[in-house]
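Asker: everything below, folded, please.
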Amino acid sequence: MESVSAAAFDASYYQRYYFDKKTKVADPQHVERLGAFVCAYLKYLRVPVRRVLDVGCGVGLWRDIVARHFPQASFHGVEFSEYLCGRFGWERGSVVDYQAKKPFDFVICQGVLAYLNPTDLKRAMRNLGTLSKGALYVEVVAREDYERDIVDEDLTDPHLFRHRAEVYRGGLSRQFKELGGGLWLSRRCDVPTFALECAAD
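Answerer: As a prediction, this is how the structure comes out:
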């Protein structure tokens, strides 16, 4: 199967999942709590955050969060949807092959990886390792979430691939240490962590 194409992420997609109060999946209060947690943990670990990349940035929910918690940091949004790039001015690109002149201190990849087939997913996870020299936040729905009835399938996009959690962990752990809560730390980052702050390798 092919990864979901850019044409799927048109105005009607964002109307349904982001703008319509009855069907949207993005809860502003949830995003605020999530952003506060992620940014606070990065501050606790003393990860220097000067350059931030949100790859698959959507409608830009993380931009204001980053600005509040890391006012000195630059924010760069990259998006696959031509519609959103035109509306918000993001740079057009894909997590699969987006390239930057130098890596970022903090990379955000929320709700993106499940749209990729197995081949593109492997490429994307390798690319995230190239793009981040510090922290990575990943949010993605895994097959186990469906099996445990955590996912509301009436609200969730039916085009998502149902990759197992071990697929994501296996791909990311080559270049990152898992911290929990969706946070990962690049193996290139020299920030010290206690043994129990990281998942077992």
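
Asker: identify the residues contacting the longest helix along the chain?
Answerer: What stands out as the longest helix in the chain, according to DSSP state H, is helix 28-45. Contact partners of helix 28-45, identified using C-beta atoms under 8 Å, 6 or more residues apart in numbering, comprise 49, 61-62, 65-66, 69-70, 106, 135, 137, 139, 179, 181-183, 185, 191, 193. From N, CA and C alone the C-beta is placed, and that goes for glycine too.

Asker: try it again at 6 Å.
Answerer: Helix 28-45 has contacts (C-beta atoms under 6 Å, 6 or more residues apart in numbering) with 61, 65, 69, 135, 137, 191.

Asker: so can I have JSON lines of those showing neighbour count and pLDDT?
Answerer: Formatted as JSON lines, these follow (neighbours: other C-beta atoms under 10 Å; pLDDT from 0 to 100):
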{"residue": "61", "neighbour count": "19", "pLDDT": "92"}
{"residue": "65", "neighbour count": "21", "pLDDT": "96"}
{"residue": "69", "neighbour count": "16", "pLDDT": "97"}
{"residue": "135", "neighbour count": "27", "pLDDT": "98"}
{"residue": "137", "neighbour count": "24", "pLDDT": "98"}
{"residue": "191", "neighbour count": "13", "pLDDT": "94"}
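
Asker: of the residues you listed, closest to residue 9?
Answerer: residue 61 (15.3 Å; C-beta to C-beta).

Asker: one step back: report the buried residues of the longest helix of the chain.
Answerer: 34, 35, 38, 39, 41, 42, 45 (16 or more other C-beta atoms under 10 Å).

Asker: and which of the residues you listed is nearest to residue 160?
Answerer: Ranked by distance to residue 160 (C-beta to C-beta), the buried residues of helix 28-45 are led by residue 34 at 19.2 Å.
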